[in-house]
Structures are given as structure tokens and as C-alpha cells.
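A.B. asks: sequence and computational prediction follow.
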Amino acid sequence: MKKFHEIKLPYTTHCAIPAALLLVTCLVILAFVVLPGREPLLPPLLTDGHGGGNLSSCNIFKGEWVPDPCAPRYTTETCPVIHGNYDCMRCLAANVTDLTLRYSLRMAFQTALRAAADAPPGAGRRRSRSRRTVVVRTLSPSHYENGTWNEDGDCALARSLRRGVWEMKAVEKDMYAIQAEEFGAARRASEGTRMLLLDATEAMALRPDAHPSKYRPWQPDRFNVLRDCLHWCLPGAMDACNDMLLHMLLHYRN
């Protein structure tokens, strides 16, 4: 598995840390945290530009896919929730060479966003609107080449791409722009709801190798099936989205 990497988020480190180094690190942190009269010296790693952090210029959504020596985090056997239709690890696609990678219509989207931002508290609950969090993930582009899903299109690339190599389709560019525009409108009208935009489009655009394509267990005839170049099946892609989501929930205000 490879990681989507520009910076290493603190909770995405999976390699074992030497015990001595861990002990020294803890002692240094405690020295700064518990001494009286000192301000906390552990601000969030990143901010959204409004929290006053020193690294506000960093963008967790911009980066490259790089090797991760500790990957993969799971396999077909260790993760029981992988849907069989999108589990190409089970039948390992012939073009998979590296498992160590780690990183609607306008009105319909507008309606969904505004409903999420303005939804009343749940029945029987008294909840402050300012405590509600709405996360919107931007679209995940498909990677069909030489045709669409019903025109014998396929995604045969075996490796992740570098930035600037893949060109999104015009309709996907339009949908992405609409998402960003309508998200901004919904956030301005949210009246205190914390609105977070998880911009995973570019990271996902660089992973054409992570789609099931024709390698799905329930389709034994792999040479006469519809290719799936939209969903994800290999470690890395959705893991990056989960890492981004966790970081935003912990450190982003709005």
C-alpha cells in the first residue's frame, strides 16, 4: 500500500517506534506541558487558515502517492467488511504490482447540502446547532479509457500517477466546480454548523490502479464482463480519505 503523502499525519504512522525514542519523546512533551506558567506548545498540526496555526499554508489535499513500508494495514482476511464485489485483493488482479501505496445535478447537490446544514436536531434531543458537523467529500473521478462502463472501457493502468498526468472528464470538472460552489453557499447559510469540505478528488484521480476493473470474485469470466473503474478495492485509496477525515474532525473549525 502507498500513502498519499505531502506531510505525515501523526495518527497515520504504523511502524513500530523504538521504546527508548518513545520514552524520550514523552518526557520532552511532558516537560513542556506540565511546567506551570507555560502556554501549551502542541497546537494542531494543520489548520484551515482560520485557527492561527503556524502551518496554515499546508494543504492535506495536495500531495503524491509514495511507498509506505508498513503497509498494507489490512488484507482480505483481516478486514471482514470489504464488499465482495469490490474485493480485487481476493483474486489479485494481474495488473496489480504494488500494494504498498498510502495518500449530481446542481439542484440535487444544493438540496442535499442545505438540508444537512439546516436539519433540525434529532427527535427527543436538545442539541446546539453549533455542535453539529457536516462533512462533504468531493467527487471521486472514474478512470475509464477507450469507452465507458457499457462500451468496453477499462482501467488497465498498473501504477499510481503523478500530479498533472490525468485529465478529468469535462462533466466531472463541472460537477467538482458545482460541489465547491454550492458547498460555499451552504456554509454561509449554515448559521453556526461546522461545515467541512473533504477535497479528495485530486488524490483519487491519481489512483487508476486501485479500481476492481474486471477482477471481481463474483465474475469468473474476467474477459467478458463490464469493467468497474469507479469503485475502489485496493488498500490506500479509501485509507487516505479516512486519514483526511480524522484530521479534519480533530483540527478544523470551519
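C.D. replies: Sure, I can see it.
A.B. asks: my read: residue 245 touches residue 135, true?
C.D. replies: Yes - proximity of residue 245 to residue 135 meets the contact threshold set by CB atoms under 8 Å, at 6.5 Å. Where you see a C-beta, it was placed from the backbone N, CA and C, and this is true even at glycine.
A.B. asks: need the overlap of contacts for the two.
C.D. replies: Each of residue 198 lies in contact with both residue 245 and residue 135 under the rule CB atoms under 8 Å, 6 or more residues apart in numbering.
A.B. asks: ranges for the strands of the stretch 151-254 of the chain?
C.D. replies: 194-198 (DSSP state E, counting those that start in this stretch).
A.B. asks: run through it and note the low-pLDDT ranges.
C.D. replies: Residues of the stretch 151-254 of the chain that meet the criterion pLDDT under 70 lie in 216-225, 254.
A.B. asks: now for residue 206, how many residues are close by?
C.D. replies: Residue 206: 25 surrounding residues under other CB atoms under 10 Å.
A.B. asks: and if you look at residue 83?
C.D. replies: With other CB under 10 Å as criterion, residue 83 counts 10.
A.B. asks: pLDDT score for it?
C.D. replies: In this model, residue 83 is scored at 71, pLDDT.
A.B. asks: burial of residue 248, as a residue count?
C.D. replies: 20.
A.B. asks: residues contacting it?
C.D. replies: Taking CB under 8 Å, 6+ apart as the criterion, residue 248 is in contact with 135, 196, 198.
A.B. asks: now do the contacts for residue 165.
C.D. replies: Counted by CB under 8 Å, 6+ apart, residue 165 has contacts residue 206.
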